[in-house]
Structures are given as structure tokens and as C-alpha cells.
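A.B. asks: Okay, predicted coordinates and the sequence, questions at the end:
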Amino acid sequence: MTTVDAVTTIHVDGPAPYDVMVGAGVSARLTEMLRGVDTVVVFGAEGLEEFVESVASAAGRSGARVVTCAVPAGESAKRLEVVSVLWDQLAAAGVTRSDVVVSVGGGATTDVVGFAAAGWLRGVRVIHVPTTLLAMVDAAVGGKTGINTAAGKNLVGAFHPPSGVLVDLDVLHTLPAREWVNGMAEVVKAGLIDDVAILDLIEQEPTGAARPDGPHARALIERSIAMKARVVSVDLFESGRREILNYGHTLGHAIERAEDYAVPHGHAVAVGMMFAATLARLTGRLATADVERHRSLLDCVGLPTSYDGTASWDHLRKAMQADKKNRGARLRFVVLDAIAQPTMLEQPDEECLQQAFEEVNA
């Protein structure tokens with residue numbers, strides 16, 4: 001991680017290395033990344049028209065022909081029908097393998113646009129310009145792309161690393177507080193599974209950590225990205241260490257699906273982390289004090305620590321069976337032996353699972 005003239009560059013290694021640039025106004029650097037490109041298609045989430053236009057202008061200054069297309073905002077974008085429309089738009093724009101696709105939006109936008117880019121001509125370059133905290137610290141980094149189906153969340157997708165990610169901190173000035181809080185679930189997760197300094201920053205300024213203008217906002221973003229970069233650099237295809245990034249996601253994804261995606265991703269993952277921590281305590285792995293630290297951290301940034309939805313345990317248990325970490329019929333969870341010491345728990349006792357849920361069920 002290097003910082004030059006207030007722009008921090010975080011390198012992601014692996015079979016297709018790239019850089020994540022973080023800084024105020026850094027989206028203007030898109031111009032430099034497109035030299036010699038004939039056509040650029042900018043897919044922007046609905047509701048972000050002004051920022052999308054500024055990104056498109058930066059693309060145009062490279063000399064490329066720029067086509068701008070809208071993508072539905074939020075989780076509704078992650079459908080095969082939307083991908084089909086995106087492919088039609090890439091065809092209409094005459095995009096070839098030497099051209100570039102740009103996504104502008106939150107995590108759902110980077111997921112679906114990345115997937116469309118992965119499939120078009122068996123893979124064209126994509127650059128992500130994330131506009132939410134969740135997308136900045138998680139979805140835009142790592143090369144995972146995907147859509148949802150009736151069977152579950154993100155079960156259809158591809159590993160397609162971007163050729164660059166531009167995290168423009170100016171976006172934070174207009175980011176709704178609820179979107180910051182939603183993304184903080186992934187920031188807290190980064191601290192719990194790897195970088196304890198993130199947790200220390202939150203605990204130093206708990207009120208500030210709940211706001212995009214807090215004193216440690218940039219540090220929280222950069223440390224979270226750096227953590228993910230370290231993990232995916234050694235395991236792009238989720239064959240080993242990368243699984244730890246799914247902490248809290250097994251129940252979290254089940255909640256999202258059961259609630260028809262009306263529960264924000266960060267809220268669902270926050271409850272999922274409390275469930276995983278409780279499960280680890282019940283199986284003799286995690287100290288009660290560490291479980292309570294989970295609760296305190298999530299609570300102080302405004303995230304839920306219990307499930308108040310309508311889905312039954314039987315419904316959620318069945319939904320968890322479709323989790324990507326499972327092997328055959330064996331249910332697998334990322335849990336902690338201690339803070340920043342993640343491990344896998346395979347096929348826990350059913351009574352233990354139910355008790356853990358009952359403890360986090362409001």
C-alpha cells in the first residue's frame with residue numbers, strides 16, 4: 001500500500017494483478033487507464049446520473065468513444081434478465097476484446113456488470129468505480145462477479161478480476177448515512193477476521209465510525225481494502241484462505257433470500273456474524289468476551305445484532321444448505337477461535353445450530 005499526492009494505491013496480486021486507487025477525485029484517473037482504447041461502455045446505476053456523467057467525461061478525455069447505459073439500482077439488478085440486456089447493449093456498442101467496460105455504482109452494480117463483462121466474448125476488461133462503502137471495501141475488489149437465482153444468492157457467477165478499481169472518496173460527501181452503516185458490516189468483518197487495528201479505530205471513535213465524515217473514515221476504507229487484497233492475492237478462486245471473507249455470510253445470505261432481499265446485505269451479514277460468534281462460543285472455540293465485542297462493535301456503528309424478521313429457523317436452515325462453502329451435504333461455517341483467528345467449522349450439531357439461532361433471534 002503506497003500513498004503519493006494523497007492517492008493511495010493498493011496492489012492486488014495473482015494471475016491477473018491490478019491496482020485499487022483510493023483518493024478524493026480519483027475517478028478522474030480513469031482517463032489514464034483508457035489510452036488506446038477505441039470504445040468504453042459505462043454502466044451506471046440508476047439514480048447516479050450526475051456522477052456517471054462525470055465518469056463518462058473522464059473516459060471521453062482518453063479519446064475513446066463512450067457509450068453510457070443505465071443499470072437498475074440495488075439487488076434487483078442481479079438477475080439473468082438484466083445480464084441479457086447488458087450483453088445486448090455491449091453488442092450494440094460493438095465492444096471487442098480490446099475495449100473496456102466500466103461499472104459505476106454499488107455492490108450489486110459491480111457484481112452484475114462484472115459478470116456481464118466476464119461472459120462477453122469470454123471476457124473483456126472491466127474497471128469498477130464503486131459508489132458505496134460496501135462496494136469500495138468488498139464487492140469491487142477481488143474479482144468475484146455474480147447474480148442471484150431462485151436457488152440462492154450469488155450461486156451463478158465467475159471469477160473475473162477487474163483491470164483497476166477507482167475508489168473516489170468525494171462520493172462519500174453524498175453517500176446516505178444508511179449506506180455507510182450498511183457497508184460498515186464488511187469493515188467490521190475485516191477487523192474481526194484479520195486486522196484488529198480496524199476494530200481499535202472503531203472503538204476509539206464509535207460515533208465517528210458510524211458516519212462517512214468520521215475522523216478515521218479513510219483509514220477504515222484503506223485497511224479493509226488492503227486486508228481483502230492480501231487474501232485474494234493468494235487465493236483468487238476461493239480454494240482456501242479466501243473462504244474467511246465469508247464470515248457471517250452463511251446465515252446472512254439465507255436471511256437476504258428469505259426476506260426477498262428487503263434486508264440490506266450489511267444488516268444480514270451483521271446478524272450472521274453474531275450467529276457465527278455465538279456458534280463458536282457454543283462449540284467451545286470463542287470466548288464470551290469476544291462474542292460481546294462483536295455485539296459492541298456492531299451496535300456502535302448502528303448495525304443489528306439480532307434477527308427480527310419473519311423467517312423460521314427451518315426456512316433459514318434449508319436456505320443455508322445452498323451455501324457455496326458447503327461440500328456435499330456437509331454444512332460449513334467460517335468461525336473464530338479468537339479475534340483475527342478464523343477457521344472452518346464443519347457439520348456442527350443441529351441442536352447447537354438451533355440454539356445459536358435462538359440466541360440471535362429477537
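C.D. replies: It's in. Residues are numbered from 1 along each chain as shown.
A.B. asks: For the rest of this, base every contact and every neighbour count on C-alpha atoms.
C.D. replies: Fine.
A.B. asks: For residue 342, the count of nearby residues, please.
C.D. replies: By the criterion of other C-alpha atoms under 10 Å, residue 342 has 19 neighbours.
A.B. asks: Revised request: answer the last question for residue 98.
C.D. replies: For residue 98, the count of nearby residues is 12 (other C-alpha under 10 Å).
A.B. asks: Enumerate every residue touching the residue lying closest to it once chain neighbours are set aside.
C.D. replies: Take residue 98 and drop its neighbours on the chain: the residue closest to it by C-alpha to C-alpha, 6 or more residues apart in numbering is residue 37, 6.7 Å away. By C-alpha atoms under 8 Å, 6 or more residues apart in numbering, residue 37 lies in contact with 62-64, 98-100.
A.B. asks: Filter these down to the ones in strands?
C.D. replies: Within these, membership in strands is found for residue 100, as judged by DSSP state E.
A.B. asks: are any of the contacts of residue 37 buried, and which?
C.D. replies: Neighbour counting by 16 or more other C-alpha atoms under 10 Å classes 62, 64, 99-100 among those as buried.
A.B. asks: ok, so of those, who is nearest residue 330?
C.D. replies: Distances from residue 330 to the buried ones among the contacts of residue 37, taken as C-alpha to C-alpha, are shortest for residue 100 (40.6 Å).
A.B. asks: Am I right that that closest one is in contact with residue 123?
C.D. replies: No: between residue 100 and residue 123 there is no contact under C-alpha atoms under 8 Å: 10.3 Å.
A.B. asks: if we can go back for a sec, host element of the residue nearest to residue 98?
C.D. replies: Under the assignment given by DSSP states H and E, residue 37 is not contained in any helix or strand.
A.B. asks: Check the gap between it and residue 59 for me.
C.D. replies: Per C-alpha to C-alpha, to the nearest Å, residue 37 is found 10 Å from residue 59.
A.B. asks: what do you get for residue 259?
C.D. replies: Residue 259 is 38 Å from residue 59, by C-alpha to C-alpha.
A.B. asks: Could you check which of those two is surrounded by more residues?
C.D. replies: A count of neighbours by other C-alpha under 10 Å puts residue 59 above the other of residue 259 and residue 59, at 29 against 15.
A.B. asks: count of neighbours near the closest residue to the more buried one other than its chain neighbours?
C.D. replies: Spatial nearest neighbour of residue 59, chain neighbours left out: residue 31 (5.2 Å); criterion: C-alpha to C-alpha, 6+ apart. Counted by other C-alpha under 10 Å, the residues lying close to residue 31 total 18.
A.B. asks: Can you identify each of the helices in the stretch 1-150 of the chain by residue range?
C.D. replies: In the stretch 1-150 of the chain, the segments counted as helices under DSSP state H, counting those that start in this stretch are 49-60, 80-92, 107-119, 133-134.
A.B. asks: what does the last one rub up against?
C.D. replies: Counting contacts by C-alpha under 8 Å, 6+ apart, the residues outside helix 133-134 that touch it are 106-107, 179-180, 182-184, 186, 221, 266.
A.B. asks: what is the rounded mean pLDDT of it?
C.D. replies: When pLDDT is averaged over helix 133-134, the result is 98.
A.B. asks: tell me the domain ranges of the protein?
C.D. replies: The chain breaks down by automatic domain parsing into domains covering 2-174, 181-360.
A.B. asks: Give me the below-cutoff pLDDT ranges for this protein.
C.D. replies: The model of the chain has pLDDT under 70 over residues 4, 329.
A.B. asks: show me what contacts residue 277?
C.D. replies: For residue 277, the contact set (C-alpha under 8 Å, 6+ apart) comprises 286, 291, 294, 335-336.
A.B. asks: what's the answer for residue 346, then?
C.D. replies: Taking C-alpha under 8 Å, 6+ apart, one finds 330-333 in contact with residue 346.
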